[in-house]
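**Student:** Predicted model and sequence below, questions to follow.
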Amino acid sequence: MRSFRLLHTADWHLGQSLHGIPRDTEHARFLDWLIDRIGEHRVDALVIAGDVFDGQNPPIPALALFYRFVARAKALHPRLDIVVVAGNHDSASRLEAPSPLMTEMGVRVVGTLPSSAEGMFDPSPLIVPLHDADGTIAARCVAMPYLRPSDLPPVDEAEDVDPLIEGVRHRYAHAWTAGRQRCGRGEALILTGHCYMRGGALSELSERKILGGNLHALPVDIFPEDAAYVALGHLHRAQAVGGREAVRYSGSPIPLALDEEPYRHQVMLAEFAAGRLVGHEALRVPRHVPIHRISEASPEAALERLKRLELDSALPRDAWPFLEVTVTLPEPRPALRDEIEAVLAGRAVRLLKLGVRLTGSGQTLADSAPPVDLASLEPEEVFRRLYRRSHEGDPDSDLMAAFHELLTGVQETM
C-alpha cells in the first residue's frame, strides 16, 4: 500500500501589491506550478494554513485566482482533499461564505470556531478526514484557524499565567483531544495553526506580530508530541519550530517584501505511513520575478553597480526584476533619484525603492544643546543643527544662501 502524501502551504497573500506593483502574475505562476506538483508527487491532500488573501476585502482578480485554482485542482485530481483555514489577514466570514459549495467539491474551509446550540466551542466540525489513493481514511486533520482574543475562553486571573497564551492552549488542547479520539488505528493526527511561535524568524517588513505581539508568542509545547505533523502559517520564512521537525512553517510561496529576497520559498511535502511521519521534502518554488538589492557606501558606487547590472531585455514586462537601491549620504543630493532613473532608462528593471542612510548624529535640538534655551537660538544656528542631525559637517555656501533668502522672505511677511 502506498504511503499517504500531504502538501503543506500557507501565506499566499493573493491580491498583494509590492510598492504599488500587483503580484497577480506571480501568484498565477505559483498556482500553476503547485497544480503540477500535486500531480507529479501524487499528493493525496493539500493544507493551506491561512492568509490565503492579503486583506479582508480581496480584489476580484485575487478571488478569481483562488477559485480557479480550486476548480482546476479538483478537476485534474478529483480525489484530492483540500483543507483551507483562515489567517489573520483573511476575512473569516468571507472565506467561509462559499463553504456549502466547497464542501460538496471535497474542500473544507474553516474561518471561525464552530459552536454548539448552547453557544459552546464544538471542535467536531474542525476535524477533517483525509483519504489516501484507495479512498481509505489515512489521517484526521484538525483544521484550527487563526484565533483572535475574542475566540479565547476566560482564564482565572489569579493564576500566574499569560491569559492569551493559556486561552490558546485551552482551545488547541480541546480540539486536539477531539481529533485524537476520532483517529482510528494507523491514522495520522495532523494539526494546523496560524500563529506566531516563540523563536520563529520573521520578516519585519511584511509580517505583523499577532495575538498581542511578541510577548504572546506561543511555546512549541502547545502542540502535543503525538501529533504526526503540525502545519503552520503566518511566518514567511520556512522553518521548523522548537527543534521539532514535524512542527513547521511552510513559508510564503513568493517574497512578500523586498527583505524576503534571500528566503527559500517553498511548499512542504510530508509523507506518512501507519499514522506516522516517515519523510518530508521542501519543494522550492521557482521565482518568476527576481529581486535585486543594491546597498553601497556612496551614490557613485551605487550608480556604477547599476550600470553593470545584468538584465534580460527579452523578458516580458511582468517578469522584469524588482530593484531596491540604498545609499549612504553624507550631504544632500536632491537629484539622486533622477541620476538613478537616467542610468536605468530603457532597461528591463523596475525601481521599487530608493533608500538613504544619513550620516548625521540623529540628535534632536534639545539633545544637541541641552544647556541652551532653544528659544534664544538664532534661526541660522537652528538650521545648522538640523542639518548636522542628518548630514556630516555644515551646509555649503549655496545652501546657506538659499536658507537666508527663504528666511528673509518669511520675515518680510510677518
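**Tutor:** Now that the structure is in, tell me what you want to look at. Everything numeric here is computed off the predicted structure, so don't read it as measured data. Numbers count the residues shown, from 1 in each chain.
**Student:** so residue 126 makes contact with residue 147?
**Tutor:** No - using CB atoms under 8 Å, residue 126 is not in contact with residue 147, being 11.8 Å away. No exception for glycine: its C-beta is placed from N, CA and C like everyone else's.
**Student:** Between the two, which contacts overlap?
**Tutor:** residue 113 (CB atoms under 8 Å, 6 or more residues apart in numbering).
**Student:** can you tell me which residues contact the nearest residue to residue 23 once chain neighbours are set aside?
**Tutor:** Spatial nearest neighbour of residue 23, excluding adjacent residues (CB to CB, 6 or more residues apart in numbering): residue 16 at 5.1 Å. Contacts here follow CB under 8 Å, 6+ apart; on that basis residue 16 touches 23, 54, 256.
**Student:** before we move on, what about residue 127?
**Tutor:** 140, 141, 142, 143, 175, 178, 179, 182.
**Student:** how close does it get to residue 84?
**Tutor:** Plainly put, residue 127 is 15 Å away from residue 84 if you go by CB to CB, to the nearest Å.
**Student:** burial count for the closest residue to residue 309 other than its chain neighbours?
**Tutor:** Distance criterion CB to CB, 6+ apart; nearest residue to residue 309, sequence neighbours excluded, is residue 292 at 6.5 Å. Neighbour count for residue 292, taken as other CB atoms under 10 Å: 20.
**Student:** mind listing what the helix or strand where residue 292 lies pairs with, with the direction of each?
**Tutor:** Following DSSP states H and E, one finds residue 292 within strand 291-296. Using DSSP bridges, the strands paired with strand 291-296 in its sheet are strand 322-329 (parallel).
**Student:** can you list contacts of the strand it pairs with?
**Tutor:** Looking at what lies outside strand 322-329 - CB under 8 Å, 6+ apart - the contacts are 18-19, 21, 258, 289-299, 301-302, 306, 336, 340, 344, 349-359, 391.
**Student:** ok, and for that strand, which residues are buried?
**Tutor:** 322, 323, 324, 325, 327, 329 (16 or more other CB atoms under 10 Å).
**Student:** Okay, and the beta partners of the third one?
**Tutor:** Okay, so that is residue 324. With DSSP bridges as the rule, residue 324 is bridged to residue 293, residue 353.
**Student:** and it, what pLDDT?
**Tutor:** On the pLDDT scale, residue 324 is placed at 95.
**Student:** Show me the domain layout of this structure.
**Tutor:** Annotated domains of the chain cover 4-284, 291-413 [automatic domain parsing].
**Student:** and these, which is most packed in?
**Tutor:** Burial of the domains of the chain is given as mean neighbour count (mean count of other CB atoms under 10 Å); domain 4-284 ranks first at a mean of 18.
**Student:** quick one: terminal-to-terminal distance for that one?
**Tutor:** 21 Å (CA to CA, to the nearest Å).
**Student:** thinking again about what came up before, would CSV of the buried residues of strand 322-329 with distance to residue 228 be doable?
**Tutor:** Below are those laid out as CSV (distance: CB to CB, whole Å):
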residue, distance to residue 228
322, 39
323, 43
324, 41
325, 47
327, 50
329, 54
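**Student:** low pLDDT regions in the stretch 251-400 of the chain?
**Tutor:** Filtered on pLDDT under 70, the stretch 251-400 of the chain yields the residue ranges 360-378, 380-381.
**Student:** Strands of that one, start to end?
**Tutor:** 266-273, 276-284, 291-296, 322-329, 350-358 (DSSP state E, counting those that start in this stretch).
**Student:** Can you get me the centre-to-centre distance for the helix or strand encompassing residue 178 and its chain?
**Tutor:** Assigned by DSSP H and E, residue 178 falls within helix 163-182. Counting by CA atoms, centre = their mean, to the nearest Å, helix 163-182 is centred 25 Å from the centre of its parent chain.
**Student:** What is the helix or strand following that helix packed up against?
**Tutor:** Note on helix 163-182: by DSSP H and E, the next helix or strand toward the C-terminus is strand 188-194. Applying 3 or more CB pairs under 8 Å, 6 or more residues apart in numbering; DSSP states H and E, one finds that strand 188-194 makes contact with strand 45-49, strand 81-85, strand 137-142, helix 163-182, strand 229-233.
**Student:** need the next SSE after the second one, C-terminal direction.
**Tutor:** Put plainly, it is strand 81-85. Taking DSSP H and E, what comes next after strand 81-85 is helix 92-96.
**Student:** what does the average pLDDT come to for that following helix?
**Tutor:** For helix 92-96, the per-residue pLDDT averages 93.
**Student:** Can you tell me what sits against it?
**Tutor:** By CB under 8 Å, 6+ apart, helix 92-96 touches 52-53, 56-58, 84, 86, 109-112, 145-146.
**Student:** Keep only those of those that are in strands.
**Tutor:** Members of the contacts of helix 92-96 lying in strands (criterion: DSSP state E): 84, 109, 110.
**Student:** and which of these is nearest to residue 273?
**Tutor:** residue 84 (25.5 Å; CB to CB).
**Student:** measure that closest one to residue 233 for me?
**Tutor:** 11 Å.
**Student:** which residues do these two both contact?
**Tutor:** Common neighbours of residue 84 and residue 233 (CB under 8 Å, 6+ apart) are residue 48.
**Student:** returning to that earlier point: dump the strands of the stretch 251-400 of the chain into CSV; add distance to residue 191 as well.
**Tutor:** Converted to CSV, the strands of the stretch 251-400 of the chain look like this (distance: least, CB to CB, whole Å):
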stretch, distance to residue 191
strand 266-273, 12
strand 276-284, 12
strand 291-296, 33
strand 322-329, 36
strand 350-358, 37
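**Student:** Ok, which of these comes nearest residue 197?
**Tutor:** strand 266-273 (15.5 Å).
**Student:** Just checking: what are the partner strands of that closest one?
**Tutor:** Assessed with DSSP bridges, strand 266-273 is paired to strand 4-9 (antiparallel), strand 276-284 (antiparallel).
**Student:** With just CA atoms, put the strand holding residue 292 into PDB.
**Tutor:** Listed next in PDB are the C-alpha coordinates belonging to strand 291-296 (Å, rounded to 0.1, in the frame of the first residue of the first chain):
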ATOM      1  CA  ILE A 291      14.800  40.900  -6.800                       C
ATOM      2  CA  HIS A 292      18.000  42.900  -6.900                       C
ATOM      3  CA  ARG A 293      19.000  44.800  -3.800                       C
ATOM      4  CA  ILE A 294      22.000  47.200  -4.100                       C
ATOM      5  CA  SER A 295      23.400  48.700  -0.900                       C
ATOM      6  CA  GLU A 296      26.500  50.900  -1.300                       C
END
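**Student:** Brilliant, that's me finished.
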